[in-house]
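J.: what's the 3D shape of this:
(one chain, ligands or ions: 1)
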Amino acid sequence: MSADYVRTVRSASLVFGNTEPLQDDPAEGYHESSKLYPSFAARQTRGRLLDTHLGLRVSSLRSVKRSSHLPAVTLPEPALPSAPFGDVIEARRSERAFADAPLQLSDVAALLHAAYGTTHELDVGAPGLGPQLRTVPSGGALFPLEVYVLPWRVDELPRALYHFDPLRRVLERLRQGEFEEDVRAATVYDDVALGCGALFVVSAMFWRTRFKYGLRGYRFALLECGHLVQNLLLAATALDLAAVPLGGFYDRRVDELLGIDGVNESALYAVATGVRSGGDG
Ligand SMILES: Cc1cc2nc3c(=O)[nH]c(=O)nc-3n(C[C@H](O)[C@H](O)[C@H](O)COP(=O)(O)O)c2cc1C
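T.: Residues are numbered from 1 along each chain as shown. Next comes the predicted model:
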């Protein structure tokens, strides 16, 4: 062990405190339990039976929470700008300051489409089911995520709590209300979460992937949430909007606001987006 290495470890503990993992560190325990091994992969992912049964396969294609009894806003045909991909990748930055000008409903439609919209029909040998594959990949095409929207300033979208149904391309209006106080109490970054034009919240319905992939399904839900949010952020950049991902929130309060139980479905991530103000914030 070199003297340099020892010095680095010592100074790291000055910054991060004691870096020794706990004996029963939950993160290490979870990661270990969700590793696949050739000798018992079959036991770990029993739900793979799904792949061999057409009826089950078809029944898993409508992976969205649906409340068709609620009033819904039909989203306009999504129109993503044809910005050069390299420029978009290079330009993305987190921006936390937003102009007072409202977002357009077409912006919200484009952002939602980039995030989790449908693009292709899945080939299960039963054509005509309509597109269910999305703009992002998903383990086993099970799509365990849901997207909610709180529009603070969006033209033609009255303030309410909405849920995105990508298969019908609508925003279901879950609840009317102001929600400022709920959001203020639920986030560490209330100036950003309330100052933006629209707040998007992504949740996972864990068992939509766990029934097939067991503990590893939880990993998949988190990985897929990253795919979704990155698409949303890149779409915001392409549309010349400001956006920042938010992981700093009080989970139970956000779950309560969304009306979800925090166990079968729980909030994972949020994105604040709006018209650019010019400043970084
Ligand atoms: C998982 C994750 C959680 C984040 N949570 C927050 C947050 O709660 N509040 C915030 O202001 N920025 C948040 N950010 C943004 C980071 O601060 C930002 O990405 C980082 O400073 C790098 O800057 P850039 O995005 O402009 O490249 C988060 C980013 C990630 C990836």
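J.: neighbours of residue 199, how many?
T.: Burial of residue 199, expressed as a neighbour count using other C-beta atoms under 10 Å, amounts to 23. All C-beta atoms are positioned from the backbone trio N, CA, C, and that covers glycine.
J.: look up how far residue 277 lies from residue 202.
T.: Going from residue 202 to residue 277 by C-beta to C-beta, to the nearest Å gives 24 Å.
J.: look at those two and report which has more neighbours.
T.: residue 202 (24 against 16).
J.: which secondary structure element contains that one?
T.: strand 198-205 (DSSP states H and E).
J.: how far does the very next helix or strand once past that strand sit from the chain's center?
T.: Going down the chain from strand 198-205, the next helix or strand is helix 207-213, by DSSP H and E. Its chain's C-alpha centre and that of helix 207-213 lie 17 Å apart, by C-alpha atoms, centre = their mean, to the nearest Å.
J.: just checking, residue 143 touches residue 204?
T.: No. Applying C-beta atoms under 8 Å, one finds residue 143 not in contact with residue 204, separated by 10.2 Å.
J.: and residue 78, helix, strand or coil?
T.: At residue 78, secondary structure determined by DSSP: H, G, I helix; E, B strand; the rest coil is coil.
J.: nope, residue 62 is what I meant
T.: Residue 62 ends up coil, using three-state DSSP.
J.: what residues does the stretch 151-281 of the chain have near the ligand?
T.: 189, 192, 244, 245, 246, 247, 248 (C-beta under 6 Å from any ligand atom).
J.: among those, which lie within helices?
T.: residue 192 (DSSP state H).
J.: give me the neighbour count for the nearest residue to residue 146 once chain neighbours are set aside.
T.: Once flanking residues are discounted, residue 146 sits nearest to residue 203: 4.9 Å by C-beta to C-beta, 6 or more residues apart in numbering. Residue 203 is flanked by 25 other residues according to other C-beta under 10 Å.
J.: doesn't residue 267 make contact with residue 203?
T.: Yes. Applying C-beta under 8 Å, one finds residue 203 in contact with residue 267, separated by 4.8 Å.
J.: which neighbours do residue 143 and residue 204 have in common?
T.: Common contact partners of residue 143 and residue 204 (C-beta atoms under 8 Å, 6 or more residues apart in numbering): residue 224.
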